[in-house]
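Asks: below: sequence and its predicted model.
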Amino acid sequence: MSAQQLVLKQRPELVRALCCGGTSEGLESILDLLLSWSALVWEDYLNICVAGKTLCFRTRELLDLAYSKGESTCCLLLAAFSHVLPDAQKDNLSFGKCSTLQNSLEMPTSATLTLLSDRPGLVTKLRNCVEGALDILVEKGFLTSSECEEIQLPVHTSSQQVRRLLDLVKCKGEVAAEVLLQFSKRIQKADVPPNKNNTFTMSASVAEYQKKLCSSISAQSHFLSTYSDTGKFSLDDIYTEGLLELGQTSTQKSLNFEDVVGAVGTLNMEADTILVSGEAGSGKSTFLQRLHLLWARKTVLLNYLLLFPFSCRKLNTEQQDLSLKELLFLHCCWPDRDQDQLFQFILDHPHLVLFTFDGLDEFKQIFSDDQRHCCPTQPAPMPVLFFNLMQGSLMKGVRKLVTSRTEAVPPILRQYLCKEVLLKGFSPDGIDCFVRKHHSDPGVASHVLESLWSNTALLGLCHIPVFCWIVSKCYKELLGFGNSGPQTITDVYLMVLQHFFHHRISKGNRLGKGWVQQYFDTIMRLGELALQGLENSHYIFSETEVQNGGVTEEDISKGFLIQSKNISFDGIHYEFLHVTMQCFFAALFIILDSNSNNHHTIKRLFQAPRTKGCLGILQAKKSDGPSTENPNLQMTSTFVSGLLSKRHQSLLLQCYPIQTLNKKRKQVVKCVSRGMQNHFKSIPRPIKGEKKSMHAMPGFVWLIKCIYEMQDSEVAKNVVATLEVEHLKLTYCNIGPLECTALAFVLQHLQSPVGLQLDSNSVGDVGVEQLLPCLHVCHSLYLRNNNISDEGIAKLVEKGIQCETFKKIALFNNKLTDVCTQHLAYLLKTKQNFLSLRLGNNNITAAGAEQLAKGLRCSQSLQFLGLWGNNIGDKGAEALSHALADSRTLVWLSLVDNGVGSAGAQALARVIQNSTTLDELWLSKNCITRDGVEYLVQALEKNSSVTSIWLRGNNLSPEEVEEFSLRESRLTF
Ligand code: ADP
């Protein structure tokens, strides 16, 4: 079908596509493109833009005009539609062969023509700095202040302001156009300030609404719900910065609020949604709450005029179909006047608006791509509205910040993400800072910190803020624990349970040993409510639901259930203090309920299929594998494992016969063992000549954590008894100190040594320490990109020298300095079977290399030494060379990108000359000149073992490169 026929046939769809959003941005963007391709002449454009016509009228005029101009204009028109419409809206349209973007055929011959041909790009580029452009044009005398005022009228969006500016400058002649083009070039170099706060676009009603929104957000975000009982701390008092890092990169810089929302780390320019992911309790909601508060105070994100905060937990409760407009105003803040005008402002200024959605994982429905909804005023069911917002079918251009548990992000959503930011909880300094904030008495704070540092398993847990909060809250119980403090998450939650019951016990009475029995009824009532909630992705309970569950006022007064602080609810609503608390109560219920059906519940918990399901939905389905995508089920099963640990038997025996407890325990052990067996079975057979390697499947770390919670070495031993791999790969698995503790607990029982690959996780120094118990079964440890510092290395070496099988370590991209090299030198000196040391991309200088050299001199085994991307310079290279001159083992050496010059090369030449084992020498990206290479060439004449020396990126001319390549084929440039 010809383009002309396509335009005619699809006329209603094309009109709807441009008009359904209610904003003229789409039409105007299409006109920009058509002008730039000379498909329209200036008069056509002015005709269509005449004031007073409706959007639909103008769109129809454009279609008529294109049709009358013929096939080629229609083809360009379709190409423009294809470029401007979001993908979602293109599904039902056909563009024939005209869907690709056109390039201008001719180079513009004047500045005014360039304004036309570059119009689409100029609109995008200038819309955030219209003010700056106007200032310059006024300063140079091309515009009057009244012309500027007219351009900046609040009725115009900033894109429209740029278009008006371009139209006006076009009439002011060549020089004016030239000035504007120069200005736009400067913007590319980013040296022009953006519009001041964009306030000039605000009408009085927008300003008023903004004020109301700010004060409502500020009121809602002032306190953390976990402190609601004490009323002691405001968010300002207690907020401690967590580690926020970009997902899937090797940079470990912690991001601030502006970085998270801004362009840093953007992978998909087309998408508007940013995901902040992390574990339960890692501080996602608190991060958002802080962001909201600071925005409301106008301290951060000043370029967003309006912020709409949503909670997916609350959106779940919405039964009615809503339009986008209703969603914004009903769920966030009701405008007192001019609602239509305000909504139009929002539609017209998407780049000034920020939406936040907390807890995507708590959203009941499965994220779906099926149902398109683009009309902002037409009601739709909540999931449809939400999914279309995420995809950009609705409110394209609005930044959306979404938080979710990492493992619960639906794959289909990932294509709509512009970037992912990982919230990794507190650093060790963060823990210190948090505990000191929590305890105003410095003596108590130091006491708590001391007991944390003496119990590294607990310290590992405290990287997750919610655990850190519990530990701080229950410090009296913690200090009373003596030497054997809490080790597992279950221990920590039992401690908080005890604390709450104790705290609220009437004065004079002490909590006796039989406290579980004493509060059995309360535990069961809350437990049932919790479990039913999890079964239905239900986290907010109305008063009636609470009453129907038999929960009494006294149960509520214990403090595990708190009033939902969302102000827009009718009547009182409750939620658990934190979702992990809900999981804990659900687990208690599963364990303590004598109903025989619980047998099935446990089975389902560990064997749920991989759907975003909940227990209730799963009941009907046959299960065939471990649950991997419902993090609350995983958390609950972790607690179930922990509660069935023999250590807690005496506590539960108060109200439960030992036979039944043992039966449940056996069942859980069976489920976990079977889950692990399934993992092992899924390992592909090794290709001949390759090591048998296992890449952890989703759920592997969870099962390991369940075993750890049970604290039963026999179970761990039996589970790994049949694992026969040489290499265990757990890269990008969100492994922090807590997971390291669990891994070491299980893996220490491996029958034969493995290479443990933990690259790109958040192991840190505390995690390294936690891994030590399994170091004797690791022949290699890969810890690239893991935030490890010298302190961690000191501990690693101390243990490593005692482990016969430990032979290789990779520490690329950590935070190592010269300080760690003395420990590593000691390792090389002491361990005469150590094979490989890789230290690339750290901060090691000449002094560090000199230290390392002391160890190298004594090593009779080291084969691989990698120092890529450090800064050892000539001096460092010389020190290493002296130490390696007599090496009979060195096979591979990398000093790439280390500031090594010819003096260094001269020293290395001596190593080459003497070596009979060296195979490859990597010296790329240094500053070696002709003289240095000359030494290398001469040394190679006396060496037959070296196969290649890499020299790409040194100080050599192309002629020199050619000459040396001819002289010595083993040099690679
Ligand atoms: P998530 O949303 O990831 O499940 P939350 O933000 O609800 O985690 O955090 C749980 C609790 O941990 C909070 O209620 C608070 O007590 C504590 N917490 C989390 N992040 C911080 C922080 N940055 N500063 C201080 N406390 C925090």
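Replies: In hand now; what should we look at? Numbers count the residues shown, from 1 in each chain.
Asks: for the ligand, what are the nearby residues on the stretch 501-650 of the chain?
Replies: Within the stretch 501-650 of the chain, the positions adjacent to the ligand are His578 by Cβ under 6 Å from any ligand atom. For glycine as for every other residue, the C-beta is placed from the backbone atoms N, C-alpha and C.
Asks: so which residue of the stretch 501-650 of the chain comes closest to the ligand?
Replies: As assessed by Cβ to the nearest ligand atom, the ligand sits closest to His578 within the stretch 501-650 of the chain, at 5.3 Å.
Asks: centre of the chain versus stretch 297-307, how much separation?
Replies: Relative to its chain's centre, stretch 297-307 lies at 22 Å (Cα atoms, centre = their mean, to the nearest Å).
Asks: contacts for it next, please.
Replies: By Cβ atoms under 8 Å, 6 or more residues apart in numbering, the surrounding residues in contact with stretch 297-307 are 128, 194, 197-198, 201-202, 206, 209-210, 213-214, 217-218, 257-258, 261, 291-292, 294-296, 346, 349, 352-356, 399.
Asks: now the buried members of those.
Replies: For these, a burial check counting by 16 or more other Cβ atoms under 10 Å picks out 128, 194, 198, 201-202, 206, 209-210, 213-214, 217, 257, 261, 291-292, 294-296, 346, 349, 352-356, 399.
Asks: and the contacts of stretch 297-307, which of them are in helices?
Replies: Those of the contacts of stretch 297-307 mapping onto helices are 206, 209-210, 213-214, 217-218, 257-258, 261, 291-292, 294-296, 346, per DSSP state H.
Asks: show me the helices in the stretch 401-550 of the chain, by range?
Replies: Under the criterion DSSP state H, counting those that start in this stretch, the stretch 401-550 of the chain contains helices at 411-414, 428-438, 442-453, 456-461, 465-473, 475-480, 489-503, 515-518, 520-535, 543-548.
Asks: quick check: buried residues in the first one?
Replies: Taking 16+ other Cβ under 10 Å as the basis for neighbour counts, the residues of helix 411-414 that come out buried are Leu413.
Asks: what is it packed up against?
Replies: If you count contacts as 3 or more Cβ pairs under 8 Å, 6 or more residues apart in numbering; DSSP states H and E, helix 411-414 packs onto no helix or strand.
Asks: mean confidence score for it?
Replies: Average pLDDT, helix 411-414: 83.
Asks: swap in the second one?
Replies: In this model, helix 428-438 has an average pLDDT of 93.
Asks: against which helices or strands is it packed?
Replies: Using 3+ Cβ pairs under 8 Å, 6+ apart: helix 428-438 touches helix 235-238, helix 442-453, helix 465-473, helix 764-771.
Asks: can you list these in TSV and add distance to the ligand, mean neighbour count and mean pLDDT?
Replies: Below are the helices and strands packed on helix 428-438 laid out as TSV (distance: least, Cβ to the nearest ligand atom, whole Å; neighbours: other Cβ atoms under 10 Å; pLDDT from 0 to 100):
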stretch	distance to the ligand	mean neighbour count	mean pLDDT
helix 235-238	5	15	90
helix 442-453	14	16	89
helix 465-473	3	25	90
helix 764-771	17	26	96
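Asks: how many other residues sit next to the residue of the stretch 251-400 of the chain found nearest the ligand?
Replies: The nearest approach of the stretch 251-400 of the chain to the ligand comes at Gly283, 2.7 Å away (Cβ to the nearest ligand atom). Number of residues near Gly283 (other Cβ atoms under 10 Å) recorded here: 29.
Asks: I'd assumed Gly242 was in contact with it.
Replies: Yes: using Cβ atoms under 8 Å, Gly283 makes contact with Gly242 at a distance of 4.7 Å.
Asks: so what sits against both of the two?
Replies: Counting by Cβ under 8 Å, 6+ apart, the shared contacts of Gly283 and Gly242 are 423, 425-426, 465.
Asks: what helix or strand is Tyr656 located in?
Replies: Element membership for Tyr656, per DSSP states H and E: none, as it lies in no helix or strand.
Asks: try the one 3 residues further on
Replies: Using DSSP H and E, Gln659 maps to helix 658-681.
Asks: what does Asp370 give?
Replies: Applying DSSP H and E, one finds Asp370 in no helix or strand.
Asks: and it, how many neighbours?
Replies: Counted with other Cβ under 10 Å, Asp370 comes out at 6.
Asks: same thing with the one 3 residues further on?
Replies: A total of 21 residues lie near His373 under the criterion other Cβ under 10 Å.
Asks: tell me the confidence at it?
Replies: 83.
Asks: repeat for the one 3 residues further on
Replies: Predicted confidence (pLDDT) at Pro376: the value is 85.
Asks: my read: it touches Leu394, true?
Replies: Yes: Pro376 is within contact range of Leu394, at 6.3 Å (criterion: Cβ under 8 Å).
Asks: give the residues shared as contacts by those two.
Replies: Joint contacts of Pro376 and Leu394 (Cβ under 8 Å, 6+ apart) are Leu324.
Asks: give me the more crowded residue out of the two.
Replies: Neighbours per residue, other Cβ under 10 Å: of Pro376 and Leu394, the larger number sits with Leu394, 24 against 21.
Asks: let me know the helix or strand that the residue nearest to the more buried one when sequence neighbours are not counted is in.
Replies: The shortest distance from Leu394 to any non-neighbouring residue, by Cβ to Cβ, 6 or more residues apart in numbering, is to Asn388 (4.4 Å). In this assignment (DSSP H and E), Asn388 forms part of helix 382-391.
Asks: buried stuff in that helix?
Replies: Buried, per 16+ other Cβ under 10 Å, within helix 382-391: 382-391.
Asks: save those residues as TSV, and put in distance to Leu605 too.
Replies: Listed next are these as TSV, based on distance: Cβ to Cβ, whole Å:
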residue	distance to Leu605
Met382	28
Pro383	26
Val384	31
Leu385	32
Phe386	28
Phe387	29
Asn388	34
Leu389	33
Met390	30
Gln391	33
